[in-house]
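# got a sequence here, can you model it:
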Amino acid sequence: MSGHELKYVEDAFASNWIAPLGPYVTAFENELAAFTKSKHVVALSTGTAAIHLALVVLGVNEGDVVICSTGTFAASANPILYQRATPVFVDADRNTWNMSPYWLEKAVQGVIEQGKRPKAIIAVHLYGAPAHMTEIMAIADRYQIPVLEDAAEALGSTYRGNHVGLLGVMGTLSFNGNKIITTSGGGALFSNDKSLVDRIRYLSDQARDAVPHYQHNHLGYNCRLSNICAAIGCGQMQVLSRRVQQRRWIFEFYREKLGLLPGIEFQAELAHSASNRWLTCITVDPDLSGGVDRDMLLKAFREENIDSRPIFKPMHLQPIYSQFPYYGDGTFETLFERGICLPSGSSLTIFDLMRVVDVIQRCYQERAEISLPAFVLDSAYSVK
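The predicted model follows:
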């Protein structure tokens, strides 16, 4: 927390404005618009709801095809099934871990060869790292397919001077409790296209028509953010830039202390882009590390009561999605087998980070089947 949230929440209570919508919702939307330099923002109950409503306004219906990154959390893909559409999953490139333009075009061509045209492309900015948007947009423009950017984890990330989410037709954000800022639960959709955002704002409030009585000409949804949650968001926005700086500093700390260890690689940042480094993630190649692997590190962290976890399991390997088409060469499968999310919270201290580094260093010293140069071992601090 920034220290400002309680003041705004107490003000919302004092004004007796607790329900969805209200002055803090408007203020939060305005602050998000200013930060992202987006013309239009609508605050919603979740990031998942933002993706769902985006697919609704893009006209995705039963039998349609939506292309989605396989390297993501289930919330990116679930709204496709909400609309009874068919997901087609696309592999990642090895460096950014995001949607591969090569496999994206293969997927588009494969769908067209089957007599359909993809209704939308969901490009995810995984762990805050911007995807190859120039190439993705070129493919989308060539085949006239709208791109929805899932920037749930990427608030504060930029690509060629633009906030991610503004390159496609719409972008979505999440303010779940684990994100770089939180409203406890919440999300948002933003775009420079006023007609799309107005449509989503209408649908998110049960599609109530602008008449004195309750009237509905369309199927609506109950997805607006509460005034209380938005008040928390206003407090969080005051420290968002600092949070991005903290996460990027944490990433650089890990890279300095671990980057020389053989077999360890970090998620890359594209030229002309800046990741908010929401999570610092690494891969460990046991063929290069002398036998140290992901599961060894996870076990060592558990023994030290340090929370860590594998990176996302690819969507095309998830039981619920395994029957749907996938285009790729197994890149994200390999990333999953080797990838681990390191502790990355904004409140971590130097001592906390040194504990994490020490665990990894000890795994290399105790279990590696290779001899490490002294300067590599000296690159990390020991807390013992």
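# show me the shaky parts of this protein.
368-384 (pLDDT under 70).
# all helices for it, in order.
Taking DSSP state H as the test, the helices found in the chain are 5-14, 23-36, 47-57, 74-82, 101-113, 133-143, 194-204, 227-237, 240-258, 286-289, 294-303, 331-338, 350-367, 374-377.
# among those, which is nearest Val65?
helix 101-113 (5.2 Å; C-beta to C-beta). For every residue, glycine as well, the C-beta is placed using N, CA and C.
# can you give the contact residues for that closest one?
65, 67, 88, 90-91, 93, 117-118, 121, 132, 135-136, 138-139, 143, 145, 325, 327-329 (C-beta atoms under 8 Å, 6 or more residues apart in numbering).
# 7 Å instead?
Identification of contacts with helix 101-113 by C-beta atoms under 7 Å, 6 or more residues apart in numbering yields 65, 67, 88, 90-91, 117-118, 132, 135-136, 139, 143, 145, 327-328.
# out of those, which is most surrounded?
Val90 (31 neighbours; other C-beta atoms under 10 Å).
# circling back to that earlier point, from the contacts of helix 101-113, which land in strands?
Using DSSP state E, the subset of these located in strands is 65, 67, 88, 90, 327.
# I'd like to know which of these is nearest to Ile282.
Val90 (23.3 Å).
# the closest one is in contact with Pro118, isn't it?
No: using C-beta atoms under 7 Å, Val90 makes no contact with Pro118, being 10.5 Å away.
# between the two, what contacts are shared?
By C-beta under 7 Å, 6+ apart, the residues touching both Val90 and Pro118 are Ile67.
# okay, which residue is most central for this protein?
Nearest to the mean C-alpha position of the chain, counting by C-alpha atoms, centre = their mean, stands Glu153 at 2.9 Å.
# you'd agree that residue is up against Cys281?
No: if you go by C-beta under 7 Å, Glu153 and Cys281 don't touch, sitting 11.1 Å apart.
# before we move on, back to that, reformat the helices of the chain as CSV; add distance to Ser273.
Formatted as CSV, those follow (distance: least, C-beta to C-beta, whole Å):
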stretch, distance to Ser273
helix 5-14, 30
helix 23-36, 15
helix 47-57, 21
helix 74-82, 20
helix 101-113, 15
helix 133-143, 9
helix 194-204, 25
helix 227-237, 22
helix 240-258, 12
helix 286-289, 27
helix 294-303, 27
helix 331-338, 19
helix 350-367, 24
helix 374-377, 29
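# out of those, nearest to Lys313?
helix 331-338 (5.5 Å).
# how far away is Arg242 from Arg255?
Arg242 sits 20 Å away from Arg255, going by C-beta to C-beta, to the nearest Å.
# between the two, which is the more surrounded one?
Counting neighbours by other C-beta under 10 Å for Arg242 and for Arg255 shows that Arg255 has the greater number, 15 against 11.
# ok, now which ones touch the more buried one?
Phe266.
# any idea how far Ala274 is from it?
15 Å.
# how close does Asp307 get to Ile340?
From Asp307 over to Ile340 the distance is 11 Å, taken as C-beta to C-beta.
# do Glu62 as well
Using C-beta to C-beta, one gets 39 Å for the distance from Glu62 to Ile340.
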